[in-house]
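**Q** Sequence and predicted structure are below.
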Amino acid sequence: MSLHRLAEAAKLLCTGSPEQLGFNLSYLQACLETLESSAYKEEIQEFIEHRWKERAKSQHFGKPSSAKYKRAEMEFFCGAMTAMHALFPNNGEDRLSSLVPPIWVINPMSGRNVVEAV
């Protein structure tokens, strides 16, 4: 299920009447399956990394090895991780959301770029 279909299912659940839904929980099941799928996690990761690449190009941060570029990249991904954790926290666990790829955390701490050079 794509993000678009997930949004459509959520909208129907929020705005639809019980008659429209037919008391069918298949939409909820589809949403849950999507959120738990590895394809969904990969889709979100690719989307956010693509946005970073576009931003780095448009803002002219310089070479990926420069301090300015690495700092901007780290700030961008810290914001993305914060938003993802706020939206999809681990239930009752004091850990970062499972949607956050470990490479987003480990690479900046070791001085490496999160994504490949633009």
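**A** All right, it came through fine. Residues are numbered from 1 along each chain as shown.
**Q** Number of residues surrounding Ser107?
**A** I think there's a mix-up here, since residue 107 is Asn and not Ser. Neighbour count for Asn107, taken as other Cβ atoms under 10 Å: 18. Every residue, glycine included, has its C-beta placed from N, CA and C.
**Q** Which elements pack onto the helix or strand where it lies?
**A** Assigned by DSSP states H and E, Asn107 belongs to helix 102-109. Where contact means 3 or more Cβ pairs under 8 Å, 6 or more residues apart in numbering; DSSP states H and E, helix 102-109 is packed against helix 67-87.
**Q** List phi and psi for Lys41.
**A** The phi and psi torsions at Lys41 (degrees, to the nearest 10) take the values phi -60, psi -40.
**Q** Tell me where the model's unsure across the chain.
**A** Residue ranges of the chain with pLDDT under 70: 1-11, 13-25, 27, 92, 117-118.
**Q** quick one: the helices in it?
**A** 3-15, 18-21, 26-36, 38-59, 67-87, 102-109 (DSSP state H).
**Q** For the residue sitting nearest the centre point of the chain, which non-adjacent residue is spatially closest?
**A** Geometric centre of the chain, nearest residue: Ile44, 4.0 Å, by Cα atoms, centre = their mean. Using Cβ to Cβ, 6 or more residues apart in numbering and skipping the chain neighbours, the partner closest in space to Ile44 is Leu99 (6.2 Å).
**Q** can I see the domain layout of the chain?
**A** By the assignment in automatic domain parsing, the chain contains the domains 1-36, 38-118.
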